[in-house]
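**Q** Structure for the following, please:
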Amino acid sequence: MNIAVLGAQYGDEGKGKIVDLLTPHFSIVARYQGGHNAGHTVYVSGRKFVLHLIPSGILHEGVTCIIGNGVVVDPQALFAEIDELAGLGIDVGDRLLISDKAHLILPYHRELDILSEARRGERKIGTTSRGIGPAYEDKIGRRGVRVCDLTDRQALADEVRENVQARNQIIKDSTLDWRAVYDELLIQGERLRRWAGDVSLFLDRARRDGRRIMFEGAQGTMLDIDHGSYPYVTSSNASIGGVCTGLGVPPRAIGGVLGVAKAYLTRVGEGPMPTELFGELGHRLRESGQEYGASTGRPRRCGWYDAVAVRYAVRVNGIDAIALTKLDVLDGLETIDICTGYLVNGAPVDELPADIAAAGDIVPVYETWPGWSAPTKGVTRFEALPVEARRYVARLEEVSGVPVGLISTGSDRAETIIREDQPLAAWLR
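**A** Take a look at the predicted model:
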């Protein structure tokens with residue numbers, strides 16, 4: 001069965017470890033959206049791998065990794081990642097396929113990203129300033145440069161010249177030379193050619209041949225351009241619909257949906273986060289969980305588990321099971337809160353309001369549960385968890401409306417519980 005693995009919160013849920021852990025059950029891992037603003041961290045026997053564009057399945061020999069047309073690709077970042085993996089003993093070789101319809105991030109996209117954030121002032125989104133948003137803007141504006149465009153020199157020269165000249169008028173004091181951008185693209189195109197191809201056709205043939213596919217998402221549902229906490233969102237569809245549009249596969253290709261959620265909540269950048277913790281407790285979660293962005297190093301905002309957000313993600317994505325990560329970070333807390341609802345201007349609501357600015361004060365409604373003193377780190381059987389931890393997981397299942405099929409109790413692959421009585425285990429048989 002083919003499954004999708006995606007974020008059920010605000011990103012940074014630990015999808016990299018989950019995808020890496022499940023990859024041996026699949027022959028293809030396909031990334032469907034986002035750019036190198038994603039940061040998927042995987043630990044294998046104490047070694048740390050940080051992936052931004054290439055799917056986390058690349059660490060397994062014989063697995064084909066795909067970058068879909070829904071991803072925006074910075075060639076420099078891609079090559080740097082490939083070279084870094086080679087230095088760590090991971091040869092990408094012919095195991096990588098990049099959609100020839102994927103759009104490229106060019107130097108002026110990064111400049112426009114920085115300019116856009118500066119203009120917003122206090123209303124800034126908190127982007128990574130890596131050109132992701134402007135590249136998607138050019139895609140929608142039908143002026144983007146795709147991987148396949150690198151083979152037509154004259155058309156490429158015309159497109160790059162027009163784009164650079166237009167951007168130079170927008171970006172004050174910009175003297176970017178279109179010829180330099182064009183020349184660099186020609187060089188990059190030579191190296192990219194090896195991996196470029198028709199992703200939709202490849203996946204269709206793979207499905208017909210009975211090969212199992214895992215669809216990998218970046219960011220999280222609450223950062224989805226359509227379904228997230230707009231405007232504090234990313235520029236792509238991180239939710240389940242992005243699988244079909246970002247890879248060219250039909251909905252029936254997705255047999256199951258695994259949502260990844262932390263046992264608490266984090267968020268990077270601006271935007272609402274009703275359960276955010278400040279002071280000593282927030283600092284404690286950040287340091288214990290090493291909550292710093294894999295792509296940027298920015299400290300993440302930390303808070304209690306928000307069941308309202310996860311229930312929303314379950315509904316939007318049709319999530320069948322949750323992979324719960326970083327349970328061990330809660331070890332030693334005397335009590336743990338779970339947000340089960342919101343009050344907006346004193347009235348109960350079922351989800352985050354669409355118009356955040358007009359919503360007024362969003363107050364979380366909490367349940368308080370006892371913590372546990374015995375460590376959960378490294379535990380591999382659900383029955384071996386402290387009774388309070390098992391009760392906490394059971395309550396998360398109840399308030400989120402979906403079973404927890406996998407629990408991560410540490411950063412390494414081996415530090416994981418797969419519950420044999422839950423849907424996920426059946427998918428992997």
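
**Q** hey, let's count contacts and neighbours off CA atoms from now on
**A** OK.

**Q** Using the three-state scheme, assign the spatially most central residue of the chain.
**A** Most central in the chain under C-alpha atoms, centre = their mean is residue 218, positioned 2.0 Å from the mean C-alpha point. Of the three states, residue 218 takes coil according to DSSP: H, G, I helix; E, B strand; the rest coil.

**Q** Low-confidence stretches in this protein?
**A** Where the chain drops to pLDDT under 70, the residues are 45, 116-128, 172-174, 294-296, 357-360.

**Q** How is it partitioned into domains?
**A** Using automatic domain parsing, the domain ranges for the chain come out as 3-96+196-257, 103-192, 262-427.

**Q** Can you tell me which of these is packed in deepest?
**A** domain 3-96+196-257 (a mean of 21; mean count of other C-alpha atoms under 10 Å).

**Q** distance between the ends of it?
**A** 6 Å (C-alpha to C-alpha, to the nearest Å).

**Q** repeat for stretch 56-67
**A** Taking C-alpha to C-alpha as the measure, stretch 56-67 stretches 11 Å from start to finish.

**Q** What segments of the stretch 101-250 of the chain are helices?
**A** With helices called from DSSP state H, counting those that start in this stretch, the stretch 101-250 of the chain shows them at 107-120, 132-140, 153-170, 178-192, 199-208, 241-247.

**Q** Go through these and name the closest to residue 18.
**A** helix 241-247 (17.6 Å; C-alpha to C-alpha).

**Q** C-terminal to the closest one, which secondary structure element comes first?
**A** Downstream of helix 241-247, the first helix or strand assigned by DSSP states H and E is strand 256-262.

**Q** just checking, what packs against that following strand?
**A** Counting contacts by 3 or more C-alpha pairs under 8 Å, 6 or more residues apart in numbering; DSSP states H and E, strand 256-262 packs against strand 3-7, helix 307-317, strand 321-325.

**Q** With distance to residue 68 added, can I get the ones you listed in a markdown table?
**A** Converted to a markdown table, those look like this (distance: least, C-alpha to C-alpha, whole Å):
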| stretch | distance to residue 68 |
| --- | --- |
| strand 3-7 | 14 |
| helix 307-317 | 19 |
| strand 321-325 | 24 |
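
**Q** Relative to residue 255, which of the ones you listed is closest?
**A** Checking these against residue 255 by C-alpha to C-alpha gives strand 3-7 as the closest, at 5.5 Å.

**Q** ok, back up a step: to residue 272, which of the helices and strands packed on strand 256-262 lies closest?
**A** With C-alpha to C-alpha as the measure, helix 307-317 is the member of the helices and strands packed on strand 256-262 nearest residue 272 (11.4 Å).

**Q** Contacts for that closest one next, please.
**A** Identification of contacts with helix 307-317 by C-alpha atoms under 8 Å, 6 or more residues apart in numbering yields 8-9, 221-222, 239-241, 257, 259, 261, 319-320, 338-342, 350-352, 396, 399-402.

**Q** what does stretch 102-114 give?
**A** Contacts of stretch 102-114 from elsewhere in the structure, counted by C-alpha under 8 Å, 6+ apart, are 68-75, 129-136, 139, 144-147, 164, 167, 171, 176, 181.

**Q** Doesn't residue 333 lie inside a strand?
**A** No. Counting by three-state DSSP, one finds residue 333 to be coil, located in no strand.

**Q** For it, which non-adjacent residue is spatially closest?
**A** Once flanking residues are discounted, residue 333 sits nearest to residue 371: 5.3 Å by C-alpha to C-alpha, 6 or more residues apart in numbering.

**Q** now do residue 276
**A** Closest residue to residue 276 apart from its sequence neighbours, by C-alpha to C-alpha, 6+ apart: residue 303 at 4.0 Å.

**Q** Contact partners for that neighbour?
**A** Residue 303 makes contacts with 264, 265, 266, 273, 275, 276, 277, 282, as judged by C-alpha under 8 Å, 6+ apart.

**Q** List the ones among those that fall in strands.
**A** Judged by DSSP state E, the contacts of residue 303 include 265, 266 as members of strands.

**Q** between the contacts of residue 303, which is nearest residue 424?
**A** Nearest member of the contacts of residue 303 to residue 424, counting by C-alpha to C-alpha, is residue 264, at 21.3 Å.

**Q** I figured the closest one hits residue 304, correct?
**A** Yes. If you go by C-alpha atoms under 8 Å, residue 264 and residue 304 touch, sitting 4.8 Å apart.

**Q** Provide a list of residues in contact with the residue nearest to residue 333.
**A** 330, 331, 332, 333, 334, 335, 336, 388, 389.

**Q** Export the residues you listed to JSON lines and append columns for distance to residue 197.
**A** Listed next are the contacts of residue 371 as JSON lines, based on distance: C-alpha to C-alpha, whole Å:
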{"residue": "330", "distance to residue 197": "45"}
{"residue": "331", "distance to residue 197": "47"}
{"residue": "332", "distance to residue 197": "51"}
{"residue": "333", "distance to residue 197": "51"}
{"residue": "334", "distance to residue 197": "54"}
{"residue": "335", "distance to residue 197": "52"}
{"residue": "336", "distance to residue 197": "49"}
{"residue": "388", "distance to residue 197": "51"}
{"residue": "389", "distance to residue 197": "47"}
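
**Q** that older thread, for the residue nearest to the centre of the chain, what are phi and psi?
**A** phi -120, psi 170 (degrees, to the nearest 10).

**Q** what sits against it?
**A** By C-alpha under 8 Å, 6+ apart, residue 218 lies in contact with 6, 7, 11, 15, 31, 33, 34, 38, 238.

**Q** can those residues go into TSV with extra columns for distance to residue 326?
**A** TSV is the format used below for these (distance: C-alpha to C-alpha, whole Å):
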residue	distance to residue 326
6	16
7	14
11	14
15	11
31	23
33	25
34	24
38	19
238	21
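
**Q** Check those residues and tell me the two furthest apart.
**A** For the contacts of residue 218, the farthest-apart pair by C-alpha to C-alpha is 11 and 31; their separation is 14.9 Å.

**Q** how close does the residue lying farthest from the centre of the chain get to residue 161?
**A** The outermost residue of the chain relative to its centre, with distances by C-alpha atoms, centre = their mean, is residue 154 at 36.0 Å. In this view, residue 154 and residue 161 are 11 Å apart by C-alpha to C-alpha.

**Q** Roughly how far does residue 26 sit from residue 60?
**A** 10 Å.

**Q** List the contacts of residue 41.
**A** Contact partners of residue 41, counting by C-alpha under 8 Å, 6+ apart, are 14, 16, 17, 48, 49, 50, 51, 294.

**Q** before we move on, the earlier item: list the beta-bridge partners for the residue nearest to residue 276.
**A** Beta-bridge partners recorded for residue 303 (DSSP bridges): residue 265, residue 276.
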